[in-house]
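1. Just the structure for this:
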Amino acid sequence: MSATRHNIAVNMMWCVPGSVGGSEEYFVRQLLGLSEIGAPFNVTIYAPLGFSAAHSDLASVMRIVEAPSRCTSRELRVLLENTWLAKRAGSADFVHHGGGTIPSRGNQSTLLTIHDVQYLTYPQYFSPVKLRYLKNRVPSAIRRATVVATPSNYVRESLEQHFSIKRERTAVVRHGLEPSIGLRKTSESELRARFNLGSSRVLLIPAITHPHKNHEFLLRLMANEWRNEEVKLVMVGGQGLAEGQIQSLISELGLADRVVRGGRVNAADRDGLVALSEALVFPSKYEGFGAPVLEAMALGTPVIASDCASLPEVIGDGGVVLPLLTQAWSGALHTVRENRAALIERGKQRCHEFTSAKSAQDLVIAYEKTLAAIQK
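-> All right, here's what the predicted structure looks like:
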């Protein structure tokens with residue numbers, strides 16, 4: 001490791017607090033990890049107005065410069081990246097762009113994080129405007145990036161397949177959980193009272209109602225294969241593109257008394273709900289990483305997940321991984337009950353590979369790789 005403390009600018013202008021899903025926690029956790037391991041970099045984060053208040057833990061250990069806007073408009077955010085950010089980050093050794101694209105102007109020495117390329121697999125789940133934007137900006141950003149970082153080998157291999165990027169220009173920066181996860185979780189009694197759960201067994205899916213999260217699959221299981229299971233399905237997360245369909249399906253299948261809609265919840269409530277659940281159920285069709293399965297394993301809750309995209313890579317033997325077939329999932333709750341202790345133990349062991357410190361160590365390697373490429 002070089003003795004020089006290099007200056008790294010981190011572009012988080014895309015990270016509107018509470019609006020970008022798991023990529024926000026992924027990025028914040030790895031940056032906190034840099035502080036945790038004492039990484040030898042001078043990091044300055046450029047973020048939307050209000051970011052410091054939303055992430056006071058990060059603001060307490062790193063310098064955050066807020067833009068003159070909350071960046072809720074993509075057009076305004078892109079403009080600010082090419083003007084306001086370009087001016088301030090120009091003297092950095094390189095800029096770490098965390099949102100999957102690189103501005104047209106500014107410092108051209110870059111590490112680019114691409115969280116996923118779902119738009120290539122499921123283009124139908126994107127609006128025409130968003131799809132055109134991604135098809136234009138992502139390939140251009142990959143070509144121009146000095147190094148590209150991904151959260152999983154699955155995403156790295158997808159980039160190699162679709163964009164012919166050479167492996168020496170890539171790095172995997174795994175997701176990592178902070179040591180304090182779960183320490184401030186809301187009590188089970190409070191959550192059961194607030195969400196009217198009574199003494200019911202609980203299944204949890206923490207996901208925005210986007211089509212790829214596949215809530216429909218779970219609702220149909222609840223109405224058919226799991227109709228005799230005395231469980232309630234708790235759905236937490238914001239409203240996505242499939243929200244209307246999900247609302248209609250709950251009514252159509254007669255599940256109003258077995259499905260609890262919790263909306264967006266804070267980290268303490270999320271951890272508490274995970275901890276009280278019989279299982280976290282995650283039938284997602286596409287994940288660049290899939291942090292909720294990792295959080296569940298860390299909190300001692302068995303995971304039942306699909307075998308799609310990165311999920312088998314992340315879960316390993318720490319949970320129940322199944323193809324998206326109803327017959328494969330029909331006996332999954334019985335499997336969890338019969339093997340609960342072993343699943344909990346394997347899940348906790350699996351989480352040792354995904355700490356914030358190890359995520360930060362991966363990021364250090366990516367930073368060093370970027371610096372080496374610049375100096376060639």
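2. Return the backbone torsion pair for Gly50.
-> phi 100, psi -10 (degrees, to the nearest 10).
3. In space, what's closest to it - neighbours in sequence excluded?
-> Arg70 (5.8 Å; Cβ to Cβ, 6 or more residues apart in numbering). For the C-beta atoms, the positions are set from N, CA and C on the backbone; glycine is no exception.
4. what's the pLDDT at the residue minimising distance to the centre of the chain?
-> What sits nearest the mean C-alpha location of the chain, by Cα atoms, centre = their mean, is Gly22, with 2.6 Å. Listed pLDDT for Gly22 reads 82.
5. if I pick the closest residue to it other than its chain neighbours, what's in contact with it?
-> Once flanking residues are discounted, Gly22 sits nearest to Ala291: 4.6 Å by Cβ to Cβ, 6+ apart. By Cβ atoms under 8 Å, 6 or more residues apart in numbering, the residues touching Ala291 are Gly22, Glu25, Tyr26, His175.
6. Just among those, which is most surrounded?
-> With neighbours taken as other Cβ atoms under 10 Å, the top of these is His175, carrying 27 neighbours.
7. What score does that one have for pLDDT?
-> 96.
8. Can you verify my assumption that it contacts Val28?
-> No. At 11.0 Å, His175 does not count as touching Val28 under the criterion of Cβ atoms under 8 Å.
9. For the stretch 51-200 of the chain, just list every one of the helices.
-> Counting by DSSP state H, counting those that start in this stretch, the stretch 51-200 of the chain has helices at residues 51-54, 56-59, 74-80, 86-89, 118-121, 128-144, 153-163, 188-194.
10. To Ala373, which of these lies closest?
-> helix 128-144 (12.7 Å; Cβ to Cβ).
11. okay, the angle between the closest one and helix 153-163?
-> 90 degrees (axes from the mean of the first three to the mean of the last three Cα atoms, to 10 degrees).
12. which helices and strands does helix 128-144 pack with?
-> strand 110-113, helix 118-121, helix 153-163 (3 or more Cβ pairs under 8 Å, 6 or more residues apart in numbering; DSSP states H and E).
13. Now do the buried residues in it.
-> By neighbour count on 16 or more other Cβ atoms under 10 Å, the buried set for helix 128-144 is Tyr133, Leu134, Arg137, Val138, Ala141, Ile142.
14. just checking, the last one touches Ile114?
-> Yes. Taking contacts as Cβ under 8 Å, Ile142 lies within contact range of Ile114: 7.4 Å.
15. Following element in sequence after the helix-or-strand element of the chain with minimal mean pLDDT, please.
-> Across the helices and strands of the chain, mean confidence by mean pLDDT, DSSP states H and E is lowest for helix 22-36: a mean of 91. As assigned by DSSP states H and E, the chain's next helix or strand after helix 22-36 is strand 41-47.
16. Can you point out the buried residues in that next one?
-> Going by 16+ other Cβ under 10 Å, strand 41-47 has these buried residues: Phe41, Val43, Thr44, Ile45, Tyr46, Ala47.
17. Now the last one. Nearest residue, chain neighbours left out?
-> On the basis of Cβ to Cβ, 6+ apart, the spatially nearest residue to Ala47 that is not a chain neighbour turns out to be Met12, at 4.3 Å.
18. ok, now the first one?
-> Nearest residue to Phe41, sequence neighbours excluded (Cβ to Cβ, 6+ apart): Ile8, at 5.0 Å.
19. I'd like the distance between the one you found and Tyr286.
-> 30 Å (Cβ to Cβ, to the nearest Å).
20. and what of Val16?
-> With Cβ to Cβ as the criterion, Val16 and Tyr286 are 22 Å apart.
21. Of those two, give the one with the bigger neighbour count.
-> Tyr286 (24 against 20).
22. I'd assumed Val43 was in contact with Val65.
-> No. Val65 lies out of contact with Val43 (Cβ under 8 Å); the separation is 11.2 Å.
23. Now do the contacts for the residue lying closest to Gly106 once chain neighbours are set aside.
-> The shortest distance from Gly106 to any non-neighbouring residue, by Cβ to Cβ, 6+ apart, is to Ala86 (3.3 Å). Contact partners of Ala86, counting by Cβ under 8 Å, 6+ apart, are Pro103, Arg105, Gly106, Asn107.
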